[in-house]
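# Need coordinates for the below:
(chains A and B)
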There are 2 protein chains.
Amino acid sequence: MSYVAPLKDMLFAITELAGIDRLSALPGCEDATADTARAVLEEAARLHEGVLAPLNLDGDRCPSTWKDGAVSATSGFREAFRQFTEGGWQGLQHPSEYGGQDLPKLLSTPCIEMLNAANLSLGLCPLLTDGAIEALLTAGSEEQKQRFVPKLISGEWTGTMNLTEPQAGSDLALVRTRAEPQGDGSFKLFGTKIFITWGEHDMTENIVHLVLARTPNAPEGVKGISLFLVPKFLVNEDGSLGERNDVHCVSIEHKLGIKASPTAVLQFGDHGGAIGQLIGEENRGLEYMFIMMNAARFAVGVQGVAISDRAYQKAVAYAKERVQSRPVDGSAKQAVPIIQHPDVRRMLSTMRALTEGARALAYVAASHCDLAHRHPDDMTRAKHQAIYEYLVPVVKGWSTELSLEVTSLGVQVHGGMGFIEETGAAQYYRDARILPIYEGTTAIQANDLVGRKTVRDNGEVAVMLLTQIDATLNALRSHASYRTSPTFQAMVRHLSAGRDAFYSAVRYVVERVKSDPNAVFAGSVSYLMLAGTVLAGWQTARSLVLATDKRDEDPAFYDAKIATAHTYATQVLPRAVAFEAAIRGARDGEGALALREDQF
Amino acid sequence: MSYVAPLKDMLFAITELAGIDRLSALPGCEDATADTARAVLEEAARLHEGVLAPLNLDGDRCPSTWKDGAVSATSGFREAFRQFTEGGWQGLQHPSEYGGQDLPKLLSTPCIEMLNAANLSLGLCPLLTDGAIEALLTAGSEEQKQRFVPKLISGEWTGTMNLTEPQAGSDLALVRTRAEPQGDGSFKLFGTKIFITWGEHDMTENIVHLVLARTPNAPEGVKGISLFLVPKFLVNEDGSLGERNDVHCVSIEHKLGIKASPTAVLQFGDHGGAIGQLIGEENRGLEYMFIMMNAARFAVGVQGVAISDRAYQKAVAYAKERVQSRPVDGSAKQAVPIIQHPDVRRMLSTMRALTEGARALAYVAASHCDLAHRHPDDMTRAKHQAIYEYLVPVVKGWSTELSLEVTSLGVQVHGGMGFIEETGAAQYYRDARILPIYEGTTAIQANDLVGRKTVRDNGEVAVMLLTQIDATLNALRSHASYRTSPTFQAMVRHLSAGRDAFYSAVRYVVERVKSDPNAVFAGSVSYLMLAGTVLAGWQTARSLVLATDKRDEDPAFYDAKIATAHTYATQVLPRAVAFEAAIRGARDGEGALALREDQF
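Down below sits the predicted model:
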């Protein structure tokens, strides 16, 4: 099998780290139990391992193709997507009144991980459709919701997000697509959108495009952008399909990775105007888009975990099979499987520590999102919402940056074979490279983390997290194993140094951002990386305590958890102090900020 | 222009850091002056910028092709290679008695950098030919030298290195290719070699394969391997070409990068035996191969510098041109070129600091190689040889690992465009990925650094380097600028911490390798990365002092050097302490070394 869902680790993160019990205790969430989780995950694993994962390599070798405006998905994708949606997986996290399953994010997140580990290119279609559903549910009229959401959940149609234009990427203030009111409540759209993921395909009979555009006389910049719904085929009042709309795919991109996912250039209104309807109020499009982007950003972070896990599994399989060189400690005279060599173990163990740490952080974030939506108490909801919002750019930025490291190590474990495309390790390296770019580059996430998530509340949420890290440090220090376990000692040493670095960085960012914005923003990505390293390290430390206490229940699993915690403590956490030095080292008028353009 | 050779920085490294004057002072090296260097580099730049660089993208889009055993190079490559060899560039570092230029390595190294920056795939052909020439000059008979070396230097023929077999990659003890003596002094070879770079092509009329194989009754393992010369076409006594030999290219690989460079599977002896001649003595093949591998490893390190520089140049050009978002400090109301954004500056400046640091280290290493070969005093020669040998695995391992970081940052600077193959940034990211793998993976370099280069002399050479770092630290502290310059202060703080980490790691490796080999080798790559980070940081610190002293001679250039030193000090050097923690954190029975195979 090319991918096996890591059910044990997922369930450990769901039950032990993210604490599903806190959810089950909430009114209306009685079903969200560990048993439900297991049942859902096992069912998901069957589909993703058996149907979607085997198509991943096909998608890379035979990408989507474009011909005369039509895009054909890789052979087998249409049927796989049908099985996916018929199984109800598209509706996992959406309201039951529109045909969804209404599951908490804590349970949909592992399913999203499996989907993307199995097939990142295919996984993007449901991911974008989720975004379209969220936007409609947030800002759409009841009629829009009724007409579009059930079809998106059932998988009869798919959704897209149309933000980017050639001159407007990270900077949506530069959007130029026009929407002209027709007097009957509808609009006609004119413009070009690029980088539209699954913007055209033949997997479903219709595609619902959500499009950012400007109405006449709209204010300049981001305050003059509205959100429109532009279906590929117009939809009649009874829900049946009408005429073909004036939105056409003029080409798809030739990309480094995720080749099966068609990245479309869409032309709106070349033949009289693409008919669209306004979603929500005029000029509030960016606000709505941000709601759906937050969900998409979190999901992209989970893609980072997903592809890391798949790369890890492949590297482990190769390392067990490939025989090469005698052991360095002289324990055998013959060449051994390379998994026995210390450096191969270091690579595999680092891949695993990063992946499990990122998974734990993402699942814990998901549980905060659930509590923010479902807890009866306003203050508690607000607190969890604030924590979730702090974690979203970290999960997105850090988990995707580390997926570059993990997939690169995956290639390295394979040696020369890793560079041969036939092997398959290179595909993960190529596929992962988009993750720190789309849905907001790491710098965009870092700016969000600095500006909206740290400076705005004077670091209050960050300090709340630090207090919880301190509690974990206390638990480690007062644990019976502390005196005897090198892993406990290494974790205390490096988590405590990481915690101090994190605190110091938060103070620095808050205090300096007004007086020295350039220096602070030159350190913003390092701040994000520091936060991710320490927060995932904290989850790893919690795992260490839990695994030690539960060890006898399942020695093989919990011993591996403890070993992975040692790797995280010694190989990953020490980076925290280097990130802090990088943050504090950035100075206006020095280094990167000293050079004139012509000196680069 | 897609590539501009960084002549100023190259000449700075040659004259100021590597001290070409020390070379010119040697008997027979009077011509090796700064003026010669400038003339050679300017000439090289013309060819590489104008002829080879423009073909780089073509090679990626239209790789070499295989048909019925014949390989056609990308269109234009044959002519470019002809111009390269006619210009005398293949013979740069080889003896004049065989048609070479006999230039010091300090001058050939920048030319090799230009070649590989211009066209990594094409550059591999001369690189491997250099290896074949070195092996023949080291171990060949005078007749072999006379018959083969001049044709290899003139570019009439090219050379290859045939080491790897399907079961024998890093572990050459597993080589199985057989060489059977024919009674007339010749041998017939039988076997399969894989991953043979430029193992078959149509750029020249003949190809000289150097092949590792076993004679009958040879001892098992690495002590039973001999080196053979197996030409594609047999060579008559008068140097004319004879019959086609029984070595055939049965396929070429479909690779992640360097696609224009054909990676051949060669079948020896399927039609009666490939006729070969022994080079040097039987069973000493691996020893000869190591001589040529040392040269090739150094050259691959230079490839890391080369591709990093090219990725940097491309990213700078894009960042100056792409307009997006307003400045974070509110200094303009309109979107500005992204090079003005702090995080883009951080990325570009980090790319540059890593590249210039790696270049400086490689050129300094080259000068040690020259002094080791040309100095009249035995002791001095031995000292420089020891330093060079210490630096080779560092240059190879560190410069290639960092090329992954630099080319990845290059993609990131481009945002979404970086992921589109048409842009070209992705090619560097793909091409670079082979560098930490071929000619010995980073782990193999790290094992060499630990075993032969650190433990064998009890860390003596490493400590010699540390003493020189201390001298530079003293120069920084006693400099007039120390009290006022944040860059000097940052450099002293982080170089000094890095120096301590390096020293500590050397002591640890030497003291623990016998009692705890698995832990030491689990930390070996971190040790290599630590050594590279600190040694290149040391060269950067030397640059800082020199640039400060010479600043008024060329303010734009030297100010940029000073700024780059600040970036290296604050963004790169702090990693040293994290590497040390990783080295000391590896423990037998914990972390990576605790898991059973089935627990991965």
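# so where do the helices sit in the stretch 101-250 of chain A?
A:105-118, A:120-139, A:142-154 (DSSP state H, counting those that start in this stretch).
# So for chain B, which of these sits nearest?
Set against chain B and scored by Cβ to the nearest Cβ, these come closest in helix A:120-139, at 13.1 Å. The C-beta positions use only the backbone N, C-alpha and C, and glycine is treated the same way.
# And chain B, is the closest one touching that?
No - figure legend: helix A:120-139 not in contact with chain B (Cβ under 8 Å from any Cβ of the partner chain); closest approach 13.1 Å.
# now the angle from that helix to helix A:105-118?
Helix A:120-139 runs at 150 degrees relative to helix A:105-118, counting by axes from the mean of the first three to the mean of the last three Cα atoms, to 10 degrees.
# So which residues of the stretch 451-600 of chain A form helices?
Under DSSP H, counting those that start in this stretch, the stretch 451-600 of chain A gives helices at A:460-477, A:486-512, A:517-522, A:524-550, A:555-567, A:575-585.
# Compute the inter-axis angle for the second one and helix A:524-550.
Note on geometry: by the same axes, to 10 degrees, helix A:486-512 and helix A:524-550 are set 150 degrees apart in direction.
# In terms of secondary structure, what does helix A:486-512 contact?
Applying 3 or more Cβ pairs under 8 Å, 6 or more residues apart in numbering or on different chains; DSSP states H and E, we find helix A:486-512 packed against helix A:460-477, helix A:517-522, helix A:524-550, helix A:555-567, helix A:575-585, helix B:575-585.
# most neighbours per residue, which of the helices of the stretch 101-250 of chain A?
helix A:105-118 (a mean of 28; mean count of other Cβ atoms under 10 Å in any protein chain shown).
# Tell me which other helices or strands that one touches.
Going by 3+ Cβ pairs under 8 Å, 6+ apart, helix A:105-118 lies up against helix A:34-47, helix A:120-139, helix A:285-321, helix A:342-374.
# and the ones you listed as JSON lines, adding distance to B:Q101 and mean pLDDT?
Listed next are those as JSON lines, based on distance: least, Cβ to Cβ, whole Å; pLDDT from 0 to 100:
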{"stretch": "helix A:34-47", "distance to B:Q101": "64", "mean pLDDT": "97"}
{"stretch": "helix A:120-139", "distance to B:Q101": "51", "mean pLDDT": "96"}
{"stretch": "helix A:285-321", "distance to B:Q101": "44", "mean pLDDT": "95"}
{"stretch": "helix A:342-374", "distance to B:Q101": "39", "mean pLDDT": "98"}
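# would you turn these into CSV with distance to A:C62?
Below are those laid out as CSV (distance: least, Cβ to Cβ, whole Å):
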stretch, distance to A:C62
helix A:34-47, 22
helix A:120-139, 11
helix A:285-321, 19
helix A:342-374, 28
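# right, so of those, which gets closest to A:R381?
helix A:342-374 (5.3 Å; Cβ to Cβ).
# Make sure I have this right: A:Q267 is in a strand.
Yes - A:Q267 forms part of a strand when assessed by DSSP: H, G, I helix; E, B strand; the rest coil.
# ok, back up a step: in TSV: the helices of the stretch 451-600 of chain A, plus mean pLDDT and mean neighbour count.
Converted to TSV, the helices of the stretch 451-600 of chain A look like this (pLDDT from 0 to 100; neighbours: other Cβ atoms under 10 Å in any protein chain shown):
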stretch	mean pLDDT	mean neighbour count
helix A:460-477	98	16
helix A:486-512	98	21
helix A:517-522	98	25
helix A:524-550	98	25
helix A:555-567	98	22
helix A:575-585	98	25
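# mean confidence for stretch A:244-255?
Mean pLDDT, stretch A:244-255: 98.
# can you list contacts of it?
Contacts to stretch A:244-255, defined as Cβ atoms under 8 Å, 6 or more residues apart in numbering or on different chains, come from residues A:64, A:66, A:69-71, A:189, A:195, A:199-200, A:209, A:230-234, A:262-275, A:434, B:419-422.
# Can you point out the buried residues in stretch A:212-230?
Within stretch A:212-230, the residues that qualify as buried are A:212-215, A:218, A:222, A:224-230, counting by 16 or more other Cβ atoms under 10 Å in any protein chain shown.
# Now look at it and say if it contacts chain B.
No - using Cβ under 8 Å from any Cβ, stretch A:212-230 stays clear of chain B, coming no nearer than 9.3 Å.
# end to end, how far does that stretch reach?
10 Å (Cα to Cα, to the nearest Å).
# Next, report how far that stretch is displaced from the centre of its chain.
27 Å (Cα atoms, centre = their mean, to the nearest Å).
# again, but for stretch A:70-90
21 Å.
# Just the buried residues of that stretch, please?
A:71-74, A:76-77, A:80-81, A:84-85, A:87-90.
# Now that A:L361 has come up, it's in contact with A:G537, right?
No - A:L361 lies out of contact with A:G537 (Cβ atoms under 8 Å); the separation is 9.4 Å.
# Mind checking which of the buried residues of stretch A:70-90 are in helices?
When those are checked against helices (DSSP state H), the matches are A:F77, A:A80, A:F81, A:F84, A:T85.
# Can you lay out the residues you listed as a markdown table showing pLDDT and distance to chain B?
Shown next, in a markdown table, are those (pLDDT from 0 to 100; distance: Cβ to the nearest Cβ, whole Å):
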| residue | pLDDT | distance to chain B |
| --- | --- | --- |
| A:F77 | 98 | 21 |
| A:A80 | 98 | 24 |
| A:F81 | 98 | 23 |
| A:F84 | 98 | 25 |
| A:T85 | 97 | 28 |
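# and which of these is nearest to A:Q468?
Nearest to A:Q468 among these: A:F84, at 36.6 Å, using Cβ to Cβ.
# how about the closest one, what does it touch?
Contact analysis of A:F84 by Cβ under 8 Å, 6+ apart lists A:L47, A:V51, A:L52, A:Q90, A:L115, A:P126, A:G155.
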